[in-house]
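Below are the sequence and a predicted model; questions follow.
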Amino acid sequence: MKYIILLGDGMADEPIAELGGKTPLEVAHTPNMDRLAQTGIIGLAATVPEGYPPGSDVANLSVFGYDPADCYTGRSPLEAASMGVDLGPDDVAFRLNFVWLEAHYGKLYMGDFSAGHISTDEASVLIATLQDELGGDQFNFYPGVSYRHLMVWKNGKDALSFTPPHDISTYSIEDHLPQGDGADVLQDLTNSAQMLLNIHPVNNQRIAENKLPANSVWFWGHGRKPVMETYQQRYGLTGSVISAVDLIKGIGINAGLEIIEVPGATGYLDTNYRGKGEYAVAALKDKDFVYVHVEAPDEAGHGGLLQEKIKAIESFDRDVVGTVLDNIDAIGDCRILIAPDHPTPVEKRTHTSDPVPYILFDSRQSLASQATAYSESEAKRCGGIIPGHQLLSLLMADRESA
């Protein structure tokens, strides 16, 4: 038996007046997911436990089958694992976003949490400058993908609170600066970084090309190294993870899963959807499990891009789900779980904690769903709400009962 998770990050949403009170999932053309919903089980999963922030870190840990209450220490330690950064027991990791801050009437506003989706090559040059000028014994900077990077504070403080930059798009940053023990140190580091970035040739060139400059860093998502059981230890399974995002790769590494790199996978709207589906099918030839993560719907949600979100959902259905279904005969007996990690409503442009709709499909049998399609409303009508970390047990119910 093969086990497959296909995750459309942030796919779920809320009713939108422009869509006649429907959600992007309800409007999007998704024949493959609709068919699976009609022949499988559909319901809602609370992937963000009460008291936790509705981040992709907490939500994806849940979908991977880990109870965040048992192992969650923060987002950045998971990303550090993906980057090959081995954290010591006294190290604190921080997500570092390159952002564009806009000055307006004497205040600074979060103009763009991704610095115009700066390229990985450009951002790597900026990170190298920060490491050369500000790195060393206390702080170290590591390059990631596009605007997403890592800073490690040796013997650092962790009694801190932050606001994710995508939560305050277009808002003043004044009331959202770091708070807690060590916040002043991080603010001084930010100020030093801004001085370097504002005169950097990379940003000068971006401005000349009418692109947004990465004129500041933004720290958030901090934590220390987590302790997690692997899938081999927990389930006796081998598996792979397919994602362009360091967070998801890091969860996979901590779970003892192989990370598969797909050419053209960007973590953005232009990602290689079909390639992810094809590589998933190939991985299942010698692995028991694969987790395929697609970031595009979430990016569209954060950008408030309604039509782009609908298009991303349709591409996910056609090129990821459809590619897997087209190869069911080659895969053999399998169980498939489809879900978002959390909603990213386009009108709110940030994550929410609302339960997400999931589908469980078994290639060997119809599970007698009464759903007519895959959507938030159908999941609510046809099924109850389960804790998110129980989704994996649901997927593997046949294995656990054998």
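All right, it came through fine.

Remind me which helix or strand residue 393 belongs to.
Assigned by DSSP states H and E, residue 393 belongs to helix 391-395.

do residue 228 as well
Assigned by DSSP H and E, residue 228 falls within no helix or strand.

what do you get for residue 94?
In the assignment (DSSP H and E), residue 94 maps to strand 92-104.

tell me which residues of that strand are tucked away?
By neighbour count on 16 or more other Cβ atoms under 10 Å, the buried set for strand 92-104 is 92-102. From N, CA and C alone the C-beta is placed, and that goes for glycine too.

Ok, stretch 1-17 next?
Using 16+ other Cβ under 10 Å as the test for burial, stretch 1-17 gives 2-13, 16.

Then stretch 59-78?
Here stretch 59-78 shows 59-66, 68, 72-78 as buried, counting by 16+ other Cβ under 10 Å.

domains in this protein, as residue ranges please.
2-72+228-401, 92-223 (automatic domain parsing).

what secondary structure does residue 4 sit in?
What DSSP: H, G, I helix; E, B strand; the rest coil gives for residue 4 is strand.

What distance do you get for it to residue 359?
Residue 4 sits 11 Å away from residue 359, going by Cβ to Cβ, to the nearest Å.

got it, and residue 369?
Distance of residue 369 to residue 359, computed by Cβ to Cβ: 8 Å.

Now do the helices in the stretch 151-300 of the chain.
Applying DSSP state H, counting those that start in this stretch to the stretch 151-300 of the chain gives helices spanning 183-197, 201-208, 231-235, 246-254, 273-283, 296-302.

Dump the ones you listed to TSV, plus distance to residue 350.
TSV is the format used below for the helices of the stretch 151-300 of the chain (distance: least, Cβ to Cβ, whole Å):
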stretch	distance to residue 350
helix 183-197	22
helix 201-208	26
helix 231-235	31
helix 246-254	16
helix 273-283	24
helix 296-302	7
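
Identify whichever of those lies nearest to residue 167.
With Cβ to Cβ as the criterion, residue 167 lies closest to helix 296-302 of these, at 9.4 Å.

contact partners of the closest one?
8-11, 13, 24, 56, 113, 166, 169, 267-269, 271, 273, 306, 308-309, 311-313, 315-316, 340, 343-346, 349-350 (Cβ atoms under 8 Å, 6 or more residues apart in numbering).

Next secondary structure element downstream of it?
As assigned by DSSP H and E, the chain's next helix or strand after helix 296-302 is helix 306-315.

I'd like the next helix or strand past that next one.
Downstream of helix 306-315, the first helix or strand assigned by DSSP H and E is helix 322-326.

Which residues does that next one contact?
So helix 322-326 is contacted by 4, 6, 32, 36, 274, 277-278, 280-281, 331, 336 (Cβ under 8 Å, 6+ apart).

Pass me the low-pLDDT residue ranges in the stretch 251-400 of the chain, would you?
When residues are selected by pLDDT under 70, those of the stretch 251-400 of the chain lie in 368, 400.

hmm, 90 instead?
Where the stretch 251-400 of the chain drops to pLDDT under 90, the residues are 267-268, 365-370, 383, 398-400.

Name the residue closest to the centre of this protein, please.
Centroid-nearest residue in the chain: residue 56, 4.6 Å away (criterion: Cα atoms, centre = their mean).

so what's that one up against?
By Cβ under 8 Å, 6+ apart, the contact list for residue 56 reads 9, 75, 245, 247-248, 298, 341-342, 351.

before we move on, what about residue 212?
Taking Cβ under 8 Å, 6+ apart as the test, what residue 212 contacts is 100, 111-112, 115-116, 118, 206.

Give me the phi and psi angles of it.
phi -70, psi 130 (degrees, to the nearest 10).

what's the spacing between it and residue 298?
With distances taken as Cβ to Cβ, residue 212 is found 20 Å from residue 298.

next one: residue 387
Look at residue 387 and residue 298: by Cβ to Cβ, they are 22 Å apart.

and if you look at residue 89?
Using Cβ to Cβ, residue 89 is found at 32 Å from residue 298.

between the two, who's got more neighbours?
Neighbours were counted for residue 89 and for residue 298 using other Cβ atoms under 10 Å; residue 298 has more, 26 against 6.

any idea what sits nearest the more buried one, other than its immediate chain neighbours?
residue 10 (3.1 Å; Cβ to Cβ, 6 or more residues apart in numbering).
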